[in-house]
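**Q** Need coordinates for the following:
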Amino acid sequence: MNLYLRPRNFNGRDLLTIVVIDAYNNNANASIDLIIKPVNNPPYIIAPYKVLLDRSGGMKYGFYANKSIKSFKEGNEFITVGDPDELDPRGKAD
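**A** Numbers count the residues shown, from 1 in each chain. Prediction:
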C-alpha cells in the first residue's frame, strides 16, 4: 500500500498512475487525473479561557481548555496565533 502525498499547500492538476503485477508477472496500469482545489485555512488562536491576576492587576496564570496552566513570566506567550498549514504554532516555517 502506498500513500499519495503532495507538497504542503499544493493545488492544481496531478496524474496518479497505478500499476498492478500478479504472481505470473502480468501487469496492468491505469492513470487517474486529479484536480486538487486550493483551500484557504483561517489562522487559529490559542488563548486562556480564564486568567488569574495578581494584586497589582498583572497577569499571573492562564488556564487553557486542555487543562494546562501557564504562569506568566517575561517572554511567556499567553496567546498564540498560528497557521494550520505550519507545524510550528508561532508561524515559523519548518
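**Q** So which residue is smack in the middle of this protein?
**A** P84 (4.0 Å; CA atoms, centre = their mean).
**Q** who's in contact with it?
**A** Residues in contact with P84 (CB atoms under 8 Å, 6 or more residues apart in numbering) are N41, P42, P43, Y44. Backbone N, C-alpha and C define where each C-beta goes, glycine included.
**Q** likewise L5?
**A** By CB under 8 Å, 6+ apart, L5 has no neighbours at all.
**Q** if we can go back for a sec, go ahead and list the helix or strand containing the residue nearest to the centre of the chain.
**A** Assigned by DSSP states H and E, P84 falls within no helix or strand.
**Q** Tell me, what's the model's pLDDT at it?
**A** P84 is assigned a predicted lDDT (pLDDT) of 73.
**Q** now swap in P7 and tell me
**A** For P7, pLDDT reads 81.
**Q** Return the residues in contact with it.
**A** By CB under 8 Å, 6+ apart, P7 has no neighbours at all.
**Q** Does it belong to a helix, a strand or coil?
**A** coil (DSSP: H, G, I helix; E, B strand; the rest coil).
**Q** Most distant residue from the centre of this protein?
**A** The chain, farthest from centre, CA atoms, centre = their mean: Y24 at 43.7 Å.
**Q** Please tell me how far it sits from T17.
**A** Noted for Y24: a distance of 21 Å to T17, by CB to CB, to the nearest Å.
**Q** And the worst-scoring helix or strand of the chain on mean pLDDT, what does it pack against?
**A** When each helix and strand of the chain is scored by mean pLDDT, DSSP states H and E, strand 80-82 comes last, with a mean of 81. With contacts taken as 3 or more CB pairs under 8 Å, 6 or more residues apart in numbering; DSSP states H and E, strand 80-82 sits against strand 44-46.
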